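K.L.:
Sequence and predicted structure below; questions after.
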Amino acid sequence: MTVRVRIAPSPTGDPHVGTGYIGLLNWCFARRHGGKFILRIEDTDRARCTEASAQNIYASLKWLGLDYDEGPDVGGEHGPYVQSERVALGIYKRYSDQLVAQGDAYPCFCSSETLDGMRKAQMAAKQPVMYDRRCRSLDPAEAARRVAAGEAHVIRMKTPLEGDFSYKDRLRAKPTVKAWADIDDQVLLKGDGWPTYHLAAVVDDHLMGITHVIRAEEWLNSLPKHILLNQMLGFTPPEYVHVGLLRNADKSKISKRKNPTSLLWYRQQGYLPEALLNFLAQLGHSHPEGKEQFSIADLASCFDLDRVNVAGPVFDLKKLDHLQGLWFRQLTPERMRDEVVRAIDDRFAQLFPLVRERLTRGADFISLAEPFYAVTVNHRADELVPKGSDPAQIRGVLEAFAKALKETQAAEQWTVAGTETAVREACSAAIAKATEDAAVAALWSPKVAFSALRVAVTGRPNSPPLFDTIAALGAVRCLERIAAAVQRLR
RNA sequence: GCUCCCAUCGUCUAGAGGCCUAGGACAGCGGAUUCUCAGUCCGCGAACAACGGUUCAAAUCCGUUUGGGAGUACCA
């Protein structure tokens, strides 16, 4: 039997590291066994999926080097590989009809309000939350008549009312056992006639000849539904394997709030695909020879599905940075040069408008843009403290600005307008506190206070417009530099 | 609440009953090299969640507890 595995991301938002992680595992498994690795786009959520997002998934997988043998943009014998196109072909509706005809599924006419009320009542009564199956007992002929009359409905699967479900996941010592009675009558076809994940994935995995479904453990709970669906439809189920979920430092499921989750971000930051992949690989599968640095081709040659981790690993960027350093320093001079040029180019587009009118010669760009590229700047005390003020006063000003800007950063308002508003408000507040004090008003005037801020942030008395500069530099570097300037004044 | 999953240093892990007074890597700390920094090299601290079994022998097997996580959608 030829191994056929897949990843099936949903094109919502940015391409996710989790997709990269699961993709890597599937890719290695396919390559190890001479099988096929397939990409399928699951865009059945019409409200959230976008074409741009799908394009980013293709680009990111390509960037990582996780080449797929079949997929939307490469074709294959089992297409189309985008579920919305398969909806148009009537594929899911056909299977749903079959299930209803067999008596394994039924139309449900309950409104979302009804369902909401049900949930709340069950919650309050500390009962398990699930559909009470009231439409399941409707007379099929009567239900069919209401459907034909155009009444709003969904299609639900009939889960067994008694008995146990058991499935042995190869990564777990003991089989997963659940009582069928705890499993909901899952919606298969939504009100708009589109399939839910459960129906679509099971049908497509079968139609595409998938032999192993290697996915994250968040799916473990719905495994019984998927196996049951396979049985009802007369399919031989693929082997389902559930791996650990990537975690934040607090062990919760990895999230945008607490970690960079976008693959686009890693590329933009200059991480090497080799390093990211190496890092991701270590989270899921240790190298049998104990190697720390290895390529995915190397991993693929010794990949063992039974060695994959089930405990969700914490995603730690420090380790990535270390690996990145190893890979980067081993780059050929040519490729390293390309990486450096790319890093400069990326920022050039943003910076050029700021310095353009200040240029006399092309080489001026280098000195003018230096504060934007530099990791840190050195402050001169005499420049930091404008005439007529003293170091202690300026320190107070900068500390107030730092506080205001930190809030701006926390509120994700780090833009030209956002930072300017924050800084100006800090000035107004300080002046308002000391009414009619001319000296205080002078200290907090743009002329004095802004100039101190400019030196703190750029390390020099002249720069492009202050708030454009602050916005372009980014919150992290600005705040670091202000803190350094405050230190300098102690 | 209900259901399921998981459990070795701060983090990623090695470990499939004796090789374990638990090994490696990252991070931290100390030292060496060095004009500086980075790097490199050397060293230090740091874990089998707890309690009961099974066994001549348990990090490894079983049970209970504790802790963490996930699911509980007409999202995937």
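P.N.:
Structure received. Residues are numbered from 1 along each chain as shown, chains lettered A, B, ... in the order given.

K.L.:
What is the neighbour count of the residue of the stretch 51-200 of chain A found nearest RNA strand B?
P.N.:
Of all residues in the stretch 51-200 of chain A, A:Gly191 sits closest to RNA strand B, at 2.9 Å by Cβ to the nearest atom of the strand. Quick note: C-beta positions are derived from backbone N, CA and C, even for glycine. Neighbourhood size, A:Gly191 [other Cβ atoms under 10 Å]: 13.

K.L.:
again, but for the one 5 residues further on
P.N.:
A total of 18 residues lie near A:Thr196 under the criterion other Cβ under 10 Å.

K.L.:
For the nearest residue to it once chain neighbours are set aside, which residues are in contact?
P.N.:
Excluding its sequence neighbours, the residue lying closest to A:Thr196 (Cβ to Cβ, 6 or more residues apart in numbering) is A:Val187, at 5.4 Å. A:Val187 makes contact with A:Cys108, A:Val154, A:Ile155, A:Arg156, A:Thr196, according to Cβ atoms under 8 Å, 6 or more residues apart in numbering.

K.L.:
try 7 Å
P.N.:
The contact partners of A:Val187, taken as Cβ atoms under 7 Å, 6 or more residues apart in numbering, are A:Val154, A:Arg156, A:Thr196.

K.L.:
Adding secondary structure, distance to A:Thr176 and pLDDT, write the residues you listed out as TSV.
P.N.:
TSV is the format used below for the contacts of A:Val187 (DSSP: H, G, I helix; E, B strand; the rest coil; distance: Cβ to Cβ, whole Å; pLDDT from 0 to 100):
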residue	secondary structure	distance to A:Thr176	pLDDT
A:Val154	strand	27	96
A:Arg156	strand	23	97
A:Thr196	coil	22	97
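
K.L.:
Keep only the residues you listed that also lie close to RNA strand B.
P.N.:
Contacts with RNA strand B within the contacts of A:Val187, as defined by Cβ under 7 Å from any atom of the strand: A:Val154, A:Thr196.

K.L.:
just checking, A:Met123 touches A:Val129?
P.N.:
Yes. Under the criterion of Cβ atoms under 7 Å, A:Met123 is in contact with A:Val129, at a separation of 6.2 Å.

K.L.:
and the residue of the stretch 51-200 of chain A closest to RNA strand B, that's in a strand?
P.N.:
No. Counting by DSSP: H, G, I helix; E, B strand; the rest coil, A:Gly191 is not found in a strand; it is coil.

K.L.:
in the stretch 301-450 of chain A, which spans are helices?
P.N.:
Under the criterion DSSP state H, counting those that start in this stretch, the stretch 301-450 of chain A contains helices at A:317-329, A:333-355, A:364-373, A:381-384, A:391-410, A:416-433, A:438-443.

K.L.:
Buried deepest among those, which one?
P.N.:
helix A:391-410 (a mean of 18; mean count of other Cβ atoms under 10 Å).

K.L.:
to the chain's geometric centre, what's the distance from it?
P.N.:
33 Å (Cα atoms, centre = their mean, to the nearest Å).

K.L.:
Next, the angle from it to helix A:416-433.
P.N.:
140 degrees (axes from the mean of the first three to the mean of the last three Cα atoms, to 10 degrees).

K.L.:
got the contact list for A:Pro273?
P.N.:
For A:Pro273, the contact set (Cβ under 7 Å, 6+ apart) comprises A:Trp63, A:Leu64, A:Gly65.

K.L.:
Roughly how far does A:Ala434 sit from RNA strand B?
P.N.:
41 Å (Cβ to the nearest atom of the strand, to the nearest Å).

K.L.:
Also A:Met232?
P.N.:
Per Cβ to the nearest atom of the strand, A:Met232 is found 18 Å from RNA strand B.

K.L.:
any idea which helix or strand carries that residue?
P.N.:
Under the criterion of DSSP states H and E, A:Met232 resides in helix A:223-233.

K.L.:
ok, and for that helix, which residues are buried?
P.N.:
A:Leu223, A:Pro224, A:Lys225, A:His226, A:Ile227, A:Leu228, A:Leu229, A:Asn230, A:Met232, A:Leu233 (16 or more other Cβ atoms under 10 Å).

K.L.:
Could you find the closest non-adjacent residue to A:Leu354?
P.N.:
Nearest non-adjacent residue to A:Leu354 (Cβ to Cβ, 6+ apart): A:Pro464, at 4.0 Å.

K.L.:
What are the boundaries of the strands in chain A?
P.N.:
A:4-7, A:36-39, A:105-108, A:154-157, A:164-167, A:176-179, A:187-189, A:212-216, A:239-243 (DSSP state E).
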